[in-house]
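S.K.: my questions are about this predicted structure, shown below with the sequence.
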Amino acid sequence: MKLFRKKHQRYILLAVAAAVLFAPMPFIKKSWAAAGPVNQKTIDIQLLARVIRAEAEAEPYIGQVAVGAVILNRIQSPKFPNTLAGVIYQPKAFESVANGTINKPPTATARKAAQDCLNGWDPSGGALFFFNPAKVGAGSYVWTRKIIQRIGKHVFAL
């Protein structure tokens with residue numbers, strides 16, 4: 001028996017592994033991946049990356065991180081909702097929500113920018129607002145905000 005086991009050990013191991021892998025497991029649902037716990041941080045990164053893509057895709061990378069940082073700065077401010085979704089979906093806060101471009105999948109660059117700002121990088125200098133002067137009328141309230149930074153085509157303000 002020892003000679004057989006030694007000679008065929010790798011086949012025995014494969015057979016045992018196959019039996020374990022393909023054995024019926026009634027405690028696992030067929031849609032086990034979808035039924036498992038959801039990682040909230042992953043969802044936040046995806047949502048943040050989608051808004052970064054929608055609001056700043058044409059901006060330089062540092063500008064994309066700055067847009068994400070503004071959103072995170074708003075969460076920390078008592079003037080805004082205290083959740084990521086609350087800030088992003090606040091009525092009239094972001095053009096990309098109103099026109100639906102937030103629903104497009106994020107780019108790899110936007111995901112990286114989201115991760116960088118979640119890790120604490122804030123090139124906006126603590127800004128609570130950003131806008132593109134070419135798209136904002138002269139009478140808009142954003143012009144009353146103190147401008148603290150310019151990155152790409154965006155202006156960042158308090």
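M.R.: Nice, I can see it. Numbers count the residues shown, from 1 in each chain.
S.K.: quickly find the element holding A138.
M.R.: If you go by DSSP states H and E, A138 is not part of any helix or strand.
S.K.: now it: how far from I45?
M.R.: Using CB to CB, to the nearest Å, A138 is found at 36 Å from I45. Where C-beta positions appear, they are placed from N, C-alpha and C, glycine not excepted.
S.K.: after the worst-scoring helix or strand of the chain on mean pLDDT, next one along is what?
M.R.: When each helix and strand of the chain is scored by mean pLDDT, DSSP states H and E, helix 32-35 comes last, with a mean of 33. Moving toward the C-terminus from helix 32-35, the next helix or strand (DSSP H and E) is helix 40-56.
S.K.: quick one: contacts of that next one?
M.R.: Identification of contacts with helix 40-56 by CB atoms under 8 Å, 6 or more residues apart in numbering yields 63-64, 66-68, 71-72, 84-85, 88, 94-97, 101-107, 110-111, 113-115, 117-118, 130, 152, 154.
S.K.: with just CA atoms, put it into CSV.
M.R.: Extracted in CSV, the C-alpha atoms of helix 40-56 (Å, rounded to 0.1, in the frame of the first residue of the first chain):
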residue,chain,number,x,y,z
GLN,A,40,-18.6,49.9,1.7
LYS,A,41,-15.1,51.3,0.9
THR,A,42,-15.1,49.7,-2.5
ILE,A,43,-18.5,51.3,-3.2
ASP,A,44,-17.3,54.7,-2.1
ILE,A,45,-14.2,54.5,-4.3
GLN,A,46,-16.4,53.6,-7.3
LEU,A,47,-18.8,56.4,-6.6
LEU,A,48,-16.0,58.9,-6.0
ALA,A,49,-14.2,57.7,-9.2
ARG,A,50,-17.4,58.0,-11.3
VAL,A,51,-17.9,61.6,-10.2
ILE,A,52,-14.2,62.4,-10.7
ARG,A,53,-14.4,61.0,-14.2
ALA,A,54,-17.6,62.9,-14.9
GLU,A,55,-16.5,66.2,-13.5
ALA,A,56,-12.8,66.2,-14.3
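S.K.: fine by me, we can end here.
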